[in-house]
Every structure is written in C-alpha cells, then in structure tokens.
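1. need a 3D model of the following:
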Amino acid sequence: MRLDLLRHGETELGGGLRGSLDDALTERGWAQMREAVAEAGPWDVLVSSPLRRCAQFADELGTRLALPVQREAGVRELHFGDWEGRSAAQIMQEQADDLGRFWADPYGYTPPNGEPVSAFAERVLAAVDDLARQHQGKRVLLITHGGVMRLLLARARGLPREQLLQIEVGHGALRRLNLASDGQLREEG
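-> I've put the predicted structure just below:
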C-alpha cells in the first residue's frame, strides 16, 4: 500500500499542543493543504482523522476527486492532557522539568492526565495495519496530525523512540510511505 501522509494546516486557535482539541482551519491552513495536494496523487482512497482540522479538508478533497472519505479514529492526535491548548513557552513557565523530560523521551514521560505515547503508538499502528488490510495495493491519502506523522516517519526511518519529537512536520506537510507486505514502512522521496 502506498500511504501518503498529509498534516492539517494552521488552525484558528494557533500553535501549542492542540491534541484532541477540535480547532477549525484558518484560511491559511486551507491554502497550505490545497497547495500540498495540488500536484500530488492520484489516490484510490481518502482516510481522515475525525477532528475537523483534518476532516473538513478531506470532505472538500473527496468531493473534488469524487472519492468517499473514510473516518479513522485511530489516527487522531496524541491527547496531551493538562497541556492541551498550551504552548511550550507556557508550559516551561510552570513545568520546565516535566516538559524537558517529555521532549527527551516522550515514551518515558506522559503529560499530566495525557495519553501515554506507547498507547498512542499502539492505537496509530493498529489503525495503519487495519488500513493496509482494507486497502492492500491501493494508493491511500491519510489526512492526519503532526504526532501521527512523526510516529510513522520515525518507524520508516528506523529511529530510536527518543528521537520521535525531533522529526519536523510542518502544517500542510505531505510525505510518502510504502507499507510492504511484511508490514515494514519505508519512506519515499
């Protein structure tokens, strides 16, 4: 399965850890996503996170390409718990040591009341495995979040888990992976 990953664009409530917050896209965010897919594709299947910063664009693109959109809850962003909606600078003011532990080893430290990265990884990888079974041999566009993309790119690149948050994935970023029949992810381009 060819798996193209598209991160949502800029959101109305801005930067920081958005997680499970259901922000809408800004006009710039819409433009970032439209530009990312303008010369890309073709796809056989469109899959989207259910959060509207992904799903609304997926619906627009699905209409334009005459493809149905499959919602996949398993590719939602990591839930950051008490840190949701806060910027790193804000968290640094009160919890600098905790934020440092999270950046150094996201698997080893969970934000207060947040989703453990190990559970997030299990959820995302199970969803991708399900997609691979459903869409074997097809070209899939997955419209999702920065954390999901970082996780999948880290796997494809064979990076140690501590390096997960060092992967850069900007708003509207488009990356291509191949999921081989042996379950291995490989990055293209």
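2. what residues are up against Glu188?
-> Arg176, Leu177, Asn178 (Cβ atoms under 8 Å, 6 or more residues apart in numbering). Backbone N, C-alpha and C define where each C-beta goes, glycine included.
3. put the buried members of those into a PyMOL selection.
-> The following PyMOL line selects those of the contacts of Glu188 that are buried, judged by 16 or more other Cβ atoms under 10 Å:
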select buried, resi 176+177
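4. angles on the backbone of the most centrally placed residue in the chain, please.
-> Central residue of the chain (Cα atoms, centre = their mean): His145, 2.5 Å from the mean position. Dihedral pair for His145: phi -120, psi 160, per degrees, to the nearest 10.
5. how many residues are close by the closest residue to Asp44 other than its chain neighbours?
-> Closest residue to Asp44 apart from its sequence neighbours, by Cβ to Cβ, 6 or more residues apart in numbering: Lys138 at 4.1 Å. Lys138 has 14 neighbours, counted by other Cβ atoms under 10 Å.
6. same thing with Arg71?
-> There are 14 residues near Arg71, going by other Cβ under 10 Å.
7. which parts of the chain are strands?
-> For the chain, strands defined by DSSP state E occupy the ranges 2-7, 45-48, 69-71, 139-144, 174-179, 185-188.
8. picking up where we left off before, distance of the residue nearest to the centre of the chain from Glu27?
-> 20 Å (Cβ to Cβ, to the nearest Å).
9. so who does the residue lying closest to Pro112 once chain neighbours are set aside touch?
-> The shortest distance from Pro112 to any residue other than its chain neighbours is 4.3 Å, reached at Asp82 (Cβ to Cβ, 6+ apart). By Cβ under 8 Å, 6+ apart, the contact set of Asp82 is Pro111, Pro112, Asn113, Gly114.
10. which of the residues you listed lies closest to Gly100?
-> Gly100 lies nearest to Pro111 out of those, by Cβ to Cβ, at 12.3 Å.
11. off-centre distance for stretch 132-141?
-> 18 Å (Cα atoms, centre = their mean, to the nearest Å).
12. for the nearest residue to Leu159 once chain neighbours are set aside, grab the count of nearby residues.
-> Of all residues not flanking Leu159 in the chain, Ile167 sits nearest, at 7.5 Å (Cβ to Cβ, 6+ apart). Other residues near Ile167 number 17, with proximity taken as other Cβ under 10 Å.
13. distance check, Ile167 against Leu5.
-> Taken as Cβ to Cβ, the span from Ile167 to Leu5 is 12 Å.
14. cool, and Leu152?
-> 6 Å.
15. higher neighbour count, these two?
-> Here Leu152 and Leu5 are compared on neighbour count by other Cβ under 10 Å; more neighbours surround Leu152, at 26 against 23.
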